[in-house]
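Colleague: Here is the input, now give the coordinates:
(one chain, ligands or ions: 1)
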Amino acid sequence: MMKICCIGAGYVGGPTMAMIALNCHDIDVAVVDIAAPRINAWNSSNLPIFEPGLDDVVKACRGRNLFFSTDVEKHVAEADIVFVSVNTPTKLRGLGAGKAADLTYWESAARMIADVSTTDKIVVEKSTVPVKTAEAIEKILNHNSNGIQFQILSNPEFLAEGTAIEDLMKPDRVLIGGRETPDGKKAIETLKDVYAHWVPADRIITMNLWSAELSKLAANALLAQRISSVNAMSALCEATGADVSEVAYAVGKDSRIGPRFLNASVGYGGSCFQKDILNLVYICECNGLTEVANYWKQVVQINDYQKARFVKRVVSSMFNTVSGKKIAILGFAFKKDTGDTRETAAMDVCRGLIGDKAQLSIYDPQVTREQILRDLAVDKLDWDHPRHLQQSLNSKHVSVVSDPYEATKGAHGVCILTEWDEFKTLEYERIYKSMQKPAFVFDGRNVIDVNELRKIGFIVYSVGKPLDP
Ligand code: NAD
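Modeller: Next up, the predicted model:
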């Protein structure tokens, strides 16, 4: 029976391996991690990540051919294929700080693989890594291998949090990059056979290693660029009286553009877009491509601008000060259907409002109180330009509540920062009655019916929409 081991039991490692186990009864899958609490949670009924459908998939195969363990070395040693799905965050210090990917976790995983292996293995880059990382990994593996053959493949993950199970079950494509040698081609075929258990052949794409590595960065850069493009357009809509939803609808009807991913918002978040574009910027700079680097930097800068613009709109609408005013924050996760808050736009918006001395009452259906308080206390990276958002948390400025009506009671304003479906159907008349007047709603995700809320009496701001008459 083939054995697969995945190092890193996070948002990617957990769901991707559960999907392999679900579809491949003839393969044993072990997901390993150095973080014992995470592994304990994977082995419990309270999984460490919230993802629709994930519970059922894990329940179907855990203990059968899916195992979660902290015994990293044992499972790596036994595996035929080792996926590495460790975190690759932005480097905080030293060369490339604030832009380059921090490959510390990857390097330590590679060294460990080399040390404990006694049989040939295929090592798969599942994490998002800079183009040419495989070259460095090969050097580390081969230096220590004592005659053992390692084949490196790039198999970047394209799942989106919130729809991970659906994305994994029916992927747009599975990408496998490898060396164009006979052994490299054989390794590609082996991994193809794994995915072929449930993915149609025409959706499994193979290519050279560097193209596969770069494709993941390119995909995230283009997705983020699309959001920044529509967000830039939203500012122009507000200035001119156009409605960004109408503009996006018209534009999306063009089959060359298409309708998806054209929603204006307070800004993108998540662990990937920001770090992958910064990484791309760094790679361009390292290759002397300053103009190209500057082009991609703009995508991040527009995103920062959009968040700052939102904060400015809130403060200026509320008579130029929010000092001492209660503001309800509805939604803190970076998108709906996830509890993930990494790089969430809500973090910067909350910090901006705290900076103006607002009193925030935060509600999110999936993010814990501890997580929100931790996020708001964390110092942010200072990139090329200062963000002036570095605030340490003063607890009297923030409360986290478990009910949206408690969050909004007595508030001067409501900011919707995550597009949770439940925010569309709240009892806004009840909310209006319980709030200070005038009562403001700032919809950072365009989820509410602006006209309905205006009829109730709210003063409404919705990103990219004509302002309250
Ligand atoms: P994560 O932080 O949720 O998980 C990474 C895990 O790796 C952690 O649990 C950590 O403890 C573990 N780890 C680190 N070093 C280890 C080691 N030496 N041995 C064993 N375990 C170790 O990260 P994630 O969101 O799953 O992302 C993983 C990678 O996948 C990143 O490169 C990311 O860019 C990429 N990716 C993420 C997404 C996403 O939506 N989250 C989508 C596509 C790709």
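
Colleague: alpha carbons only for contacts and neighbour counts from here, please
Modeller: OK.

Colleague: Could you list the buried residues of the helix or strand hosting residue 275?
Modeller: Element membership of residue 275, judged by DSSP states H and E, is helix 273-286. Along helix 273-286, the positions that meet the burial threshold by neighbour count (16 or more other C-alpha atoms under 10 Å) are 273, 274, 275, 276, 277, 278, 279, 280, 281, 282, 283, 284.

Colleague: so after that helix, what's the next helix or strand?
Modeller: On the C-terminal side of helix 273-286, the closest following helix or strand by DSSP H and E is helix 290-317.

Colleague: and that next one with helix 273-286, angle?
Modeller: Here the directions of helix 290-317 and helix 273-286 differ by 150 degrees (axes from the mean of the first three to the mean of the last three C-alpha atoms, to 10 degrees).

Colleague: Show me what secondary structure element comes after helix 290-317.
Modeller: As assigned by DSSP H and E, the chain's next helix or strand after helix 290-317 is strand 326-330.

Colleague: Please tell me how far that following strand is from the chain's geometric centre.
Modeller: In terms of C-alpha atoms, centre = their mean, to the nearest Å, the centre of strand 326-330 is found 24 Å from the chain centre.

Colleague: And the next helix or strand past it?
Modeller: Using DSSP H and E, the helix or strand that follows strand 326-330 towards the C-terminus is helix 345-355.

Colleague: For that next one, which helices and strands make contact with it?
Modeller: Here helix 345-355 touches helix 290-317, helix 369-377, going by 3 or more C-alpha pairs under 8 Å, 6 or more residues apart in numbering; DSSP states H and E.

Colleague: Quick one: residues in contact with that helix.
Modeller: With C-alpha atoms under 8 Å, 6 or more residues apart in numbering as the contact definition, helix 345-355 has outside contacts at 266-269, 307-308, 310-311, 315, 322, 331-334, 360, 375-376, 389-391, 397, 417-418.

Colleague: in it, what counts as buried?
Modeller: Residues 345, 346, 347, 348, 349, 350, 351, 352, 353, 354, 355 are the ones in helix 345-355 that count as buried (16+ other C-alpha under 10 Å).

Colleague: In a markdown table: those, plus pLDDT.
Modeller: Putting the buried residues of helix 345-355 into a markdown table (pLDDT from 0 to 100) gives the following:
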| residue | pLDDT |
| --- | --- |
| 345 | 98 |
| 346 | 98 |
| 347 | 96 |
| 348 | 96 |
| 349 | 97 |
| 350 | 96 |
| 351 | 93 |
| 352 | 95 |
| 353 | 95 |
| 354 | 93 |
| 355 | 91 |
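
Colleague: just to revisit the earlier point, and of the helices and strands packed on helix 345-355, who's closest to the ligand?
Modeller: When the helices and strands packed on helix 345-355 are ranked by proximity to the ligand, the top entry is helix 369-377, at 14.3 Å, counting by C-alpha to the nearest ligand atom.

Colleague: related to what we said a few turns ago, return the member of the buried residues of helix 345-355 nearest to the ligand.
Modeller: When the buried residues of helix 345-355 are compared for distance to the ligand, the smallest value, 15.7 Å, is given by residue 345; criterion: C-alpha to the nearest ligand atom.

Colleague: Mean pLDDT lowest where, among the helices and strands packed on helix 345-355?
Modeller: Sorting the helices and strands packed on helix 345-355 by mean pLDDT places helix 369-377 lowest, at a mean of 90.

Colleague: What's the first helix or strand after it?
Modeller: Reading on from helix 369-377 to the C-terminus, the next helix or strand found by DSSP H and E is strand 398-400.

Colleague: What is the burial count for the closest residue to the ligand within the stretch 301-450 of the chain?
Modeller: Among all residues of the stretch 301-450 of the chain, residue 340 sits closest to the ligand, at 8.5 Å; criterion: C-alpha to the nearest ligand atom. Taking other C-alpha atoms under 10 Å as the criterion, the count of residues near residue 340 is 24.

Colleague: now do residue 229
Modeller: Neighbour count for residue 229, taken as other C-alpha under 10 Å: 16.

Colleague: from here on, count from 27
Modeller: That works, and once the first residue is 27, the last one we named lands at residue 255.

Colleague: Which neighbouring elements make contact with the host helix or strand of it?
Modeller: Residue 255 is part of helix 235-266, with elements assigned from DSSP H and E. For helix 235-266, the contact count by 3+ C-alpha pairs under 8 Å, 6+ apart identifies strand 176-180, strand 200-204, helix 270-278, helix 299-312, helix 316-343 as packing neighbours.

Colleague: chain center to it, what's the gap?
Modeller: Distance of helix 235-266 from the chain centroid (C-alpha atoms, centre = their mean) equals 14 Å.

Colleague: Now that helix: average pLDDT?
Modeller: Averaged across helix 235-266, pLDDT comes to 97.

Colleague: tally of neighbours for the nearest residue in space to residue 293 that is not next to it in sequence?
Modeller: If you skip the residues right next to it in sequence, residue 293 has residue 329 as its closest partner in space, 5.4 Å away by C-alpha to C-alpha, 6 or more residues apart in numbering. Here the count is done by other C-alpha under 10 Å, and residue 329 has 25 residues near it.

Colleague: Nothing else from me, thank you.
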